[in-house]
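Engineer: sharing a sequence plus its predicted fold:
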Amino acid sequence: MQKDKLKQWIEELIAKKELWRFYKSKEWTELKEKILEENHYECEICRSNGIITRYDIDAEGNKRLLSTVHHVQFVRKHPALALSRTYTYKGKEYKNLIPVCKACHNKLHPEKRKKRASDNGERFVNEERW
């Protein structure tokens, strides 16, 4: 998809509060899977700290192979880069899509934490989880 069409489509989704549709699209799911495979399903943040994390562990202790790819340049702020592996800043190229474990992804998005009225606990709300 061309960047200008992608940007327009994502802006429309944001306006309709349907950005989750992007995360369900064939283009995103295929690219996400390629990024995960190329990086051996290892969290890039953990790896940069000398730790190999390939699985997320849920509250019941069940392991699940890593499934999250983070946009360094957030989709809402830079919709034209939503399907770009890299971006250029001040003449240097950087990775835009990186595999991350859920713990690291939560740290990368502290703005997504919301309080639940029912139990005053926090929960993570992020359409990138789709």
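Structural biologist: Noted; the coordinates are in hand. Numbering: from 1, shown residues only.
Engineer: contacts and neighbour counts: CA atoms only from here.
Structural biologist: Noted.
Engineer: what's the burial count for residue 21?
Structural biologist: For residue 21, the neighbour count with other C-alpha atoms under 10 Å is 15.
Engineer: these two touch, right, it and residue 13?
Structural biologist: Yes: using C-alpha atoms under 8 Å, residue 21 is in contact with residue 13, at 7.4 Å.
Engineer: secondary structure class for residue 10?
Structural biologist: Of the three states, residue 10 takes helix according to DSSP: H, G, I helix; E, B strand; the rest coil.
Engineer: repeat that for residue 87.
Structural biologist: Following three-state DSSP, the label given to residue 87 is strand.
Engineer: isn't it up against residue 93?
Structural biologist: Yes: contact criterion C-alpha under 8 Å: residue 87 and residue 93 qualify, at 5.7 Å.
Engineer: who has more neighbours, these two?
Structural biologist: More crowded of residue 87 and residue 93, by other C-alpha under 10 Å: residue 87, with 15 against 10.
Engineer: what's the separation between the more buried one and residue 59?
Structural biologist: Separation of residue 87 from residue 59 (C-alpha to C-alpha, to the nearest Å): 35 Å.
Engineer: same check, this time on residue 80
Structural biologist: For residue 80, the distance to residue 59 equals 36 Å [C-alpha to C-alpha].
Engineer: looking at these two, which has the bigger crowd around it?
Structural biologist: residue 80 (20 against 6).
Engineer: burial count for the closest residue to the more buried one other than its chain neighbours?
Structural biologist: Computed as C-alpha to C-alpha, 6 or more residues apart in numbering, the closest residue to residue 80 that is not its neighbour in sequence is residue 7, at 4.4 Å. By other C-alpha under 10 Å, the residues close to residue 7 number 19.
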